[in-house]
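Colleague: got a structure for you, letters missing:
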């Protein structure tokens, strides 16, 4: 039942984020996402718990459209990714870190590009992108039954944030709307895959 509750919350919030007349409902649906995920997949690692808490705070902050709200959301999700990175690093295997360097290099290039596009918000955006890339790199080195889910979730998180950054700083008009419409579905799926995959990766193969 908890899994279904998270799926329903994610679907409803994704629709509300896209359809203007439903957007007022997001003051309920968006803050409900992380508590629903916690009920469906209770975090047993402190880093994963920090990731949930930071994500929840970020979800609430990003209900606003101002630069101040955006900065608060960035800071909250940065804390979340630090928690996720610490947890994922504890599940990594020394022989599985071949992808770390190219992922960090790619995230550095993305951080530079988005920092330039973000103007006055460039520094926090660049720092956030680097932190996100570090989390994705840590996810690539996880081993265990849920490792593919973890990496898939981390990659989707990067996709979601790239869509958010593109819709806010790069694109305009219809293209920006289309990018924004993809943010919440990919974000909700990313969180689900990271948490359920992490729990599975701790089980014996």
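Modeller: Thanks, I have the structure now. Bear in mind the structure is a predicted one, so any value in this text is a computation, not a measurement.

Colleague: buried sites along the helix or strand of the chain with the lowest mean pLDDT?
Modeller: None of the helices or strands of the chain scores lower by mean pLDDT, DSSP states H and E than helix 100-117, at a mean of 85. By neighbour count with 16 or more other CB atoms under 10 Å, helix 100-117 contains the buried residues 100, 103, 107, 110-111, 113-115. Quick note: C-beta positions are derived from backbone N, CA and C, even for glycine.

Colleague: what helices or strands is it leaning on?
Modeller: helix 122-140, helix 147-165 (3 or more CB pairs under 8 Å, 6 or more residues apart in numbering; DSSP states H and E).

Colleague: buried ones in the first one, by neighbour count?
Modeller: By neighbour count on 16+ other CB under 10 Å, the buried set for helix 122-140 is 122, 124-126, 128-140.

Colleague: before we move on, what about the last one?
Modeller: By neighbour count on 16+ other CB under 10 Å, the buried set for helix 147-165 is 147, 149-165.

Colleague: residue 130 contacts residue 107, doesn't it?
Modeller: Yes - with contact defined as CB atoms under 8 Å, residue 130 reaches residue 107; the gap is 6.1 Å.

Colleague: got the contact list for the spatially most central residue of the chain?
Modeller: The centre of the chain sits closest to residue 157, judged by CA atoms, centre = their mean, with a distance of 4.0 Å. Contacts for residue 157 (CB atoms under 8 Å, 6 or more residues apart in numbering) come out as 132, 135-136, 186-187, 190-191, 194.

Colleague: one more time with 7 Å, if that's ok
Modeller: Taking CB atoms under 7 Å, 6 or more residues apart in numbering, we find residue 157 in contact with 132, 190.

Colleague: just use 673 as the starting number from now, easier for me
Modeller: In the new count, where the first residue is 673, that last one comes out as residue 829.

Colleague: do you know how far it is from residue 759?
Modeller: 14 Å (CB to CB, to the nearest Å).

Colleague: swap in residue 827?
Modeller: 17 Å.

Colleague: and what of residue 681?
Modeller: 23 Å.

Colleague: which parts of the longest helix along the chain are buried?
Modeller: As assigned by DSSP state H, the longest helix anywhere in the chain is helix 739-761. Within helix 739-761, the residues scored as buried using 16+ other CB under 10 Å are 742, 744-761.

Colleague: what is that helix packed up against?
Modeller: With contacts defined as 3 or more CB pairs under 7 Å, 6 or more residues apart in numbering; DSSP states H and E, the packing partners of helix 739-761 are helix 718-733, helix 794-812.

Colleague: what does the shortest one contact?
Modeller: When contacts are defined by CB under 7 Å, 6+ apart, helix 718-733 is touched by residues 702-703, 705-706, 709-710, 715, 741, 744-745, 748-749, 751-752, 755-756, 758-759, 863, 867, 870.

Colleague: any idea how far that helix is from the middle of the chain?
Modeller: Chain-centre distance of helix 718-733: 10 Å, with CA atoms, centre = their mean, to the nearest Å.

Colleague: go on, the last one?
Modeller: On the basis of CA atoms, centre = their mean, helix 794-812 sits 11 Å off its chain's mean C-alpha point.
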